[in-house]
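J.: This is a predicted model, with the sequence first.
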Amino acid sequence: MMRAISPLPSSCDLGRTSDPARATCPGGIAVSGGGRVCRTARTLGNVTADLETSSDDRPTRWRAFRAGLERRPTLYLGYRIMVAVVGVAVLAVGVLAIPYPGPGWAIVFAGLGILATEFAWARKALGWLRDRYRQLMDWYSRQGRAVQVAGAVGTAALVVATLWILGTFGLVGSWIGVEWEWLRSPLQR
């Protein structure tokens with residue numbers, strides 16, 4: 001919802017458009033909203049007061065949809081359950097994909113982002129995890145080549161071990177006719 005800031009100055013140019021949201025005032029001052037309201041940016045010396053509305057004040061289709069859901073408790077509960085199921089599924093796939101080449105952490109952040117749309121704990125966890133991830137990557141990038149190579153070798157070893165435990169090597173070996181016992185997963189013996 002737009003807050004009234006000041007009456008529309010007579011110097012504003014409404015003649016070029018019938019839409020007040022597209023009208024302009026001198027100095028690039030924009031007129032916005034459904035009423036006759038002028039949003040201004042005034043400069044006093046080196047101090048600028050920008051009188052814009054926040055994005056929370058503007059109605060959107062998404063907010064209207066969410067408001068409609070919240071008015072229906074049963075439907076809203078079903079929606080929250082659906083968000084939880086989808087978010088946890090994406091998060092689980094991301095956690096499984098972390099050691100592999102590709103977007104494992106991005107999938108984790110996406111899963112937490114989905115959960116964060118409905119749950120405050122997920123919003124907090126997403127912020128915390130994002131901060132820790134950035135700290136870890138900053139630390140890792142400051143390390144010497146030996147630590148970076150050791151990290152890459154450790155990640156590769158983790159990927160190979162996971163693929164072996166899940167039986168991937170035995171499966172691919174059976175496709176090409178190689179039936180070595182050590183290729184089989186210990187879970188399949």
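T.: Yep, it's here. Small disclaimer: the values here were computed from a predicted structure and weren't measured.
J.: So for stretch 112-129, what gets flagged as buried?
T.: Buried residues in stretch 112-129, counted by 16 or more other C-beta atoms under 10 Å: 112-116, 118-119, 122, 126. (C-beta placed from N, C-alpha, C; glycine too.)
J.: hang on, I meant stretch 153-171
T.: Buried-residue list, stretch 153-171, by 16+ other C-beta under 10 Å: 163-164, 167, 169-170.
J.: which outside residues touch the helix or strand Val149 falls within?
T.: Taking DSSP states H and E as the definition, Val149 sits inside helix 145-165. Contacting residues not belonging to helix 145-165 are listed as 99-101, 140, 169, 183, 185-187 [C-beta atoms under 8 Å, 6 or more residues apart in numbering].
J.: What remains of those if I keep only buried residues?
T.: 99, 169, 183.
J.: my guess is Gly167 meets Arg184, correct?
T.: Yes. Contact criterion C-beta atoms under 8 Å: Gly167 and Arg184 qualify, at 7.0 Å.
J.: Extract the C-alpha trace of stretch 89-99 and format it as CSV.
T.: C-alpha atoms of stretch 89-99 as CSV (Å, rounded to 0.1, in the frame of the first residue of the first chain):
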residue,chain,number,x,y,z
ALA,A,89,13.0,-33.5,-0.7
VAL,A,90,15.1,-30.8,-2.4
LEU,A,91,17.2,-30.4,0.7
ALA,A,92,17.8,-34.1,1.0
VAL,A,93,18.8,-34.3,-2.7
GLY,A,94,21.2,-31.4,-2.1
VAL,A,95,22.8,-33.0,1.0
LEU,A,96,23.3,-36.2,-1.0
ALA,A,97,24.8,-34.2,-3.9
ILE,A,98,27.3,-32.2,-1.8
PRO,A,99,30.3,-34.4,-2.3
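J.: Give me the mean pLDDT for that stretch.
T.: Throughout stretch 89-99, pLDDT has a mean value of 88.
J.: by how many degrees do the helix or strand immediately after the helix holding Val149 in the chain and helix 145-165 diverge?
T.: For helix 145-165, the following helix or strand on the C-terminal side (DSSP H and E) is helix 168-175. Here helix 168-175 runs at an angle of 60 degrees relative to helix 145-165 (axes from the mean of the first three to the mean of the last three C-alpha atoms, to 10 degrees).
J.: so what does helix 168-175 touch, helix or strand wise?
T.: Packing partners of helix 168-175 (3 or more C-beta pairs under 8 Å, 6 or more residues apart in numbering; DSSP states H and E): none among the helices and strands.
J.: State the mean pLDDT of that helix.
T.: On average, helix 168-175 scores 81.
J.: Give me the contacts around it.
T.: Residues from elsewhere that reach helix 168-175 (C-beta under 8 Å, 6+ apart): 163, 179-180, 183-185, 188.
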